[in-house]
Structure formats: structure tokens, C-alpha cells
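In: quick one: sequence and predicted model below, then my questions.
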Amino acid sequence: MVKRLAKIEAGKVVNVAVVDPENIPAEMAKWPDAGAAGIGWTYDGRTFMAPVPPDQTTQEQRAAMVASPAQMRLALLAAGRLDTVEAIVAADPRASIVWEYSTTYRRTSPMIDALGGPGGFAPEEIDALFIAAAQIDTGAAQ
């Protein structure tokens, strides 16, 4: 059995080494377990996030991005950004209602776009969150 370790520089995976878990070289001892992550992924100290391919950001592709509230909250939690969104939403009563009572979040919703701006998210970050959320199986019927 082998183990995949990720070398991280400035929050990005710059190398992935496949090593024998019984003989990990000393210089790799503190590298995190890469799991399925590859070069170019980001790492926040706890979670790896796949890069958003350039062709994933077209308006047509964004229109297809949807997530359930549970998927989105779990993706935000994994990215360490759930508190940020909850603070943004709490500042706007209308956004708070949408956040609390929607059964589906759509990437192209004006409420989602409102997450951008100072202290918020870049459009590419929002895309990546929707991509990550779509991969989460909550076990609920959808």
C-alpha cells in the first residue's frame, strides 16, 4: 500500500509524492495526506479544493450549477467559510430569508452574486464552492 503526500506552497499543491507509509522521507513527514488532490489544487490547512477549470465559468455552465442547502453549508464548512457567509447573510434580511428557506441554491441567483465584494468571495471561489457542493452526498432524497 502507498500513501500520497502533498507539498504545499502558498496554499497550493505544487507536488504530490507517492511514498511507502512505512518509509516516509524526513523532508516529507509534515506534508499532508493528499487523498485525491493533485498539483494546482488549493489547501487551507485542513481541506483540499480542486481548481475550477477555465471552461467551468461560462454563464451557461454557471446556470447549471445548483446545490441543496445542506450541500452548500457542508462545502462552506469544509472550506472554512461558513461563518463568513452567515455574517454576510445576517446583514441583509432578504438574503437571510433566502438562505434559511430556499430548497435549492442556484449559482446564477442575484443573492449568490451578493456574496462577492469586500470580505466576500471572488466569482471563481463561488464556482468552486458549487462544484464542491455538488459532489457532497448528504444521503437525502433530492
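Out: Received, thanks.

In: what about residue 103, which SS state?
Out: Classification of residue 103 by DSSP: H, G, I helix; E, B strand; the rest coil places it in coil.

In: what of the one 5 residues further on?
Out: Remark: residue 108 carries the secondary structure label coil [criterion: three-state DSSP].

In: residues contacting it?
Out: 59, 62-63, 65 (CB atoms under 8 Å, 6 or more residues apart in numbering). Every C-beta, even on glycine, is put in place using the N, C-alpha and C of the backbone.

In: next one: phi and psi at it?
Out: phi -90, psi 10 (degrees, to the nearest 10).

In: residue boundaries of the strands in the chain?
Out: Ranges of strands in the chain, per DSSP state E, are 3-9, 12-19, 42-43, 48-49, 66-67, 105-106.

In: what's the longest one packed up against?
Out: The contact analysis (3 or more CB pairs under 8 Å, 6 or more residues apart in numbering; DSSP states H and E) places strand 12-19 against strand 3-9, strand 42-43.

In: does residue 88 touch residue 114 like I think?
Out: Yes: if you go by CB atoms under 8 Å, residue 88 and residue 114 touch, sitting 7.5 Å apart.

In: nearest to residue 80, out of the strands of the chain?
Out: strand 48-49 (10.2 Å; CB to CB).

In: which strands or helices does the longest helix seen in the chain pack on?
Out: For the chain, the helix with the greatest residue count under DSSP state H is helix 123-134. The contact analysis (3+ CB pairs under 8 Å, 6+ apart) places helix 123-134 against strand 66-67, helix 69-78.

In: run through who's touching the longest one.
Out: Applying CB under 8 Å, 6+ apart, the contact partners of helix 69-78 are 46-47, 67, 82, 84-85, 99, 102-105, 129-130, 132-134, 136, 138, 140.

In: domain assignment for the chain?
Out: 3-49, 55-134 (automatic domain parsing).

In: winner for burial among those?
Out: Highest mean neighbour count of the domains of the chain: domain 55-134, a mean of 15 (counted as mean count of other CB atoms under 10 Å).

In: chain center to that one, what's the gap?
Out: Relative to the centre of its chain, domain 55-134 is centred 10 Å away, using CA atoms, centre = their mean, to the nearest Å.

In: that concludes my questions; thank you for your assistance.
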